[in-house]
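Colleague: just need the structure, nothing else, for what follows:
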Amino acid sequence: MSSEESVTRGVAILGSTGSIGTQALQVVREQKERLHVEVLSAHRNATLLIEQALEFRPNTVVIGEPSLLPLVKDALFNHGIKVYGGPEALEQVVEMDGIDIVLTALVGAAGLKPTLRAIRAKKSIALANKETLVVAGQIVMAEARRMGIDIHPVDSEHSAIYQCLAGEILNPIEKIILTASGGPFRGKNREDLIHVTKAQALNHPNWDMGAKITIDSASMMNKGLEVIEAKWLFDVKMDQIEVVVHPQSIVHSCVQFEDGSIKAQLGLPDMKLPIQYALGYPQRLVNNFERFSFFDYPNLTFEQPDLNAFRNLQLAFDAGEKGGNAAAILNAANEVAVARFLNDELSFLQMTDAIEHALNQVDFEKAPDLESLIQSDVEARSYAAEFKA
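Modeller: Numbers count the residues shown, from 1 in each chain. Below is the predicted model:
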């Protein structure tokens with residue numbers, strides 16, 4: 001084993017109690033000789049955060065909800081683990097010396113500030129929070145270039161593209177092909193979606209994810225956000241990105257080069273592989289994950305997305321093309337719309353109406369700074385919250 005292989009990396013997992021965070025900890029369990037946990041954070045799930053801290057013994061934990069700080073402190077008081085509370089603490093702990101890589105698995109725009117802080121502290125980034133680039137892609141990528149920091153995508157689609165680009169540094173991208181499962185409503189028309197229930201929308205056929213991203217997948221907003229993320233991650237134009245519905249979720253995404261050749265990355269729909277790839281990069285770490293077999297999937301199919309039934313995807317393409325603060329408005333309004341749908345305040349199709357309302361109401365800025373983007377986020381949330389069908 002080389003010296004490089006024997007070094008363990010200190011990992012901060014922001015959002016350790018969510019779907020990505022818990023799977024990341026499964027990876028750490030399998031890779032104890034390569035990875036160790038320095039920081040864990042959760043927003044409100046104090047019980048699971050305490051359980052994780054007692055198993056992985058990080059240097060520090062952060063609970064986002066300040067009212068839960070005493071509970072977490074009491075539970076970990078005798079175990080030598082530092083405990084802090086609130087979003088400001090999360091931004092500060094990512095600068096700790098023992099951290100080599102920060103996995104940002106927070107939900108929504110909350111991931112932006114800690115990710116920027118980690119970049120400025122010269123930490124490698126494993127990015128599972130696509131909203132960071134949707135909201136402020138130009139600022140984040142410019143900062144990463146300035147600091148010489150690598151951003152390793154954790155979304156299965158962007159990880160696939162990243163892997164396809166390995167060894168292709170001198171070969172320009174002609175087109176990125178982002179695959180989409182189509183979610184639980186693949187093949188449905190707009191009329192079919194009028195009376196969709198919350199339970200139906202939360203029943204994803206392939207992936208086990210948190211509630212917010214599952215609803216985003218059902219509405220295809222998740223794919224729209226991934227399109228915008230891909231624009232910034234891989235420095236391409238919106239017309240170089242194509243979405244293809246692939247219900248088996250085996251081809252995770254493809255890259256077409258200028259000679260017409262297409263490279264694709266395939267695998268079972270399991271987030272642990274892209275998580276491990278990001279945490280272990282540039283090495284591919286040995287694991288015991290289930291292996292894909294072509295004989296189990298003799299038919300892989302591909303379809304065009306229905307932009308009339310799933311208008312969120314078109315709104316995302318439009319916002320990405322428009323640039324400025326449009327994607328920040330889209331993202332913020334969507335977060336509120338999804339919360340209102342989950343709270344039975346909006347129907348499935350009315351989520352799109354609320355997002356479009358915010359896009360029409362918030363003033364467009366062509367070249368916003370970070371403060372302006374945050375203000376656009378606040379205004380968009382207000383318009384989406386007040387929207388009445």
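Colleague: do you know the pLDDT at the most far-flung residue of the chain relative to its centre?
Modeller: Among the C-alpha atoms of the chain, the one most distant from their mean position (CA atoms, centre = their mean) is that of residue 78, at 34.6 Å. pLDDT for residue 78: 92.
Colleague: surely it is within a helix?
Modeller: Yes. According to DSSP: H, G, I helix; E, B strand; the rest coil, residue 78 belongs to a helix.
Colleague: and it, how far from residue 46?
Modeller: 17 Å (CB to CB, to the nearest Å). To be clear about C-beta, it is placed using only N, CA and C from the backbone, and glycine gets the same treatment.
Colleague: can you give me the strands for this structure?
Modeller: Counting by DSSP state E, one finds strands in the chain at the ranges 9-14, 35-42, 60-63, 82-85, 101-104, 124-127, 151-153, 173-180, 241-245, 251-257, 262-266.
Colleague: in this structure, where is pLDDT below threshold?
Modeller: Residues of the chain meeting the criterion pLDDT under 70: 1-6, 207.
Colleague: domain parsing for it?
Modeller: Domain assignment for the chain by automatic domain parsing gives 3-153, 160-267+296-322.
Colleague: what's the most buried one of those?
Modeller: For the domains of the chain, ranked by mean neighbour count under the definition mean count of other CB atoms under 10 Å, the leader is domain 3-153 at a mean of 20.
Colleague: which residues touch residue 157?
Modeller: The neighbourhood of residue 157, defined by CB atoms under 8 Å, 6 or more residues apart in numbering, consists of 178-179, 226, 230, 252-253.
Colleague: dump those residues into CSV; add distance to residue 72 as well.
Modeller: Putting those into CSV (distance: CB to CB, whole Å) gives the following:
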residue, distance to residue 72
178, 39
179, 40
226, 33
230, 37
252, 36
253, 38
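Colleague: hmm, back to that, which among the strands of the chain is found nearest to residue 117?
Modeller: Comparison of the strands of the chain against residue 117 by CB to CB identifies strand 101-104 as nearest, at 9.1 Å.
Colleague: other residues contacting the closest one?
Modeller: Here strand 101-104 has contacts from 9-15, 20-21, 24, 94, 111, 114-115, 118, 123-129, 132, 154, 275, 278-279, using CB under 8 Å, 6+ apart.
Colleague: now the helices for the stretch 251-389 of the chain?
Modeller: Secondary structure of the stretch 251-389 of the chain (DSSP state H, counting those that start in this stretch): helices at 272-280, 311-322, 326-342, 348-361, 370-386.
Colleague: which one of those lies nearest to residue 100?
Modeller: Of all those, it is helix 272-280 that lies closest to residue 100, at 9.5 Å by CB to CB.
Colleague: the closest one to strand 251-257, inter-axis angle?
Modeller: Here helix 272-280 points in a direction 60 degrees away from that of strand 251-257 (axes from the mean of the first three to the mean of the last three CA atoms, to 10 degrees).
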